[in-house]
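Peer 1: Build me a model:
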Amino acid sequence: MFTKVTGFFTNLMAKTAKQPNCLKIVKGQQNVLEALKQNNEILDTIQKSLENYMELKRRSFPRFYFLSNDELIDILANSKNLDIVQQHLKTCFDNIVKLEIAESEAVEAMFSSEGEKVPLTKKPAKARG
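Peer 2: Okay, the predicted model is just below:
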């Protein structure tokens, strides 16, 4: 659905770049207003679906309620990139700012903002998904 809206908007903007007079573009095409309204409704549907998905993720992991929608989308979109996920640790967890991660993607320690290191010695947690 988003690809359809993006294609319509890109096409409309390309025409606008060639002919900066909006009235000529609107008169040259039929149903521009209806198409804009329809694409706006599609975007609203996409937004609602995205909000429902984020609410589902927040219910499964309540710490996500501390994150803004943009931060949560960043985490979900980059869940395999631990460097990006670590940027949001301080928001999710009080005073955890960094994790020590081995090459095997096992979390071996966590660090506070004061630089205190808390090693996870019994069983390192596997960082995945």
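
Peer 1: Who does the longest strand along the chain pair with, and is each partner parallel or antiparallel?
Peer 2: Scanning the chain for the longest strand, with DSSP state E as the assignment, gives strand 106-111. Strand pairing for strand 106-111, using DSSP bridges, gives strand 98-101 (antiparallel), strand 117-119 (antiparallel), strand 125-126 (antiparallel).

Peer 1: Nearest spatial neighbour of Met54, chain-adjacent residues omitted?
Peer 2: Leaving out its chain neighbours, the residue that sits closest to Met54 by Cβ to Cβ, 6 or more residues apart in numbering is Leu72, at 5.4 Å. Where C-beta positions appear, they are placed from N, C-alpha and C, glycine not excepted.

Peer 1: hang on, the one you found is in a helix, isn't it?
Peer 2: Yes - assessed with DSSP: H, G, I helix; E, B strand; the rest coil, Leu72 lies in a helix.

Peer 1: Distance of it relative to Met13?
Peer 2: Look at Leu72 and Met13: by Cβ to Cβ, to the nearest Å, they are 29 Å apart.

Peer 1: what do you get for Ile25?
Peer 2: The gap separating Ile25 from Met13 is 10 Å, by Cβ to Cβ.

Peer 1: the more surrounded of the two?
Peer 2: Set Ile25 next to Met13 and count neighbours by other Cβ atoms under 10 Å: Ile25 wins out with 15 against 10.

Peer 1: correct me, but Ser112 touches Asp94?
Peer 2: No - look at Ser112 against Asp94 with Cβ atoms under 8 Å: they stay out of range, at 9.3 Å.

Peer 1: Please state the offset of the longest helix that the chain contains from the chain centre?
Peer 2: As assigned by DSSP state H, the longest helix anywhere in the chain is helix 32-60. Between the centre of helix 32-60 and the centre of its chain there are 14 Å (Cα atoms, centre = their mean, to the nearest Å).

Peer 1: what pLDDT, on average, does that helix get?
Peer 2: Per-residue pLDDT values over helix 32-60 give a mean of 94.

Peer 1: Name the residues of it that come out as buried.
Peer 2: 32, 39, 54 (16 or more other Cβ atoms under 10 Å).
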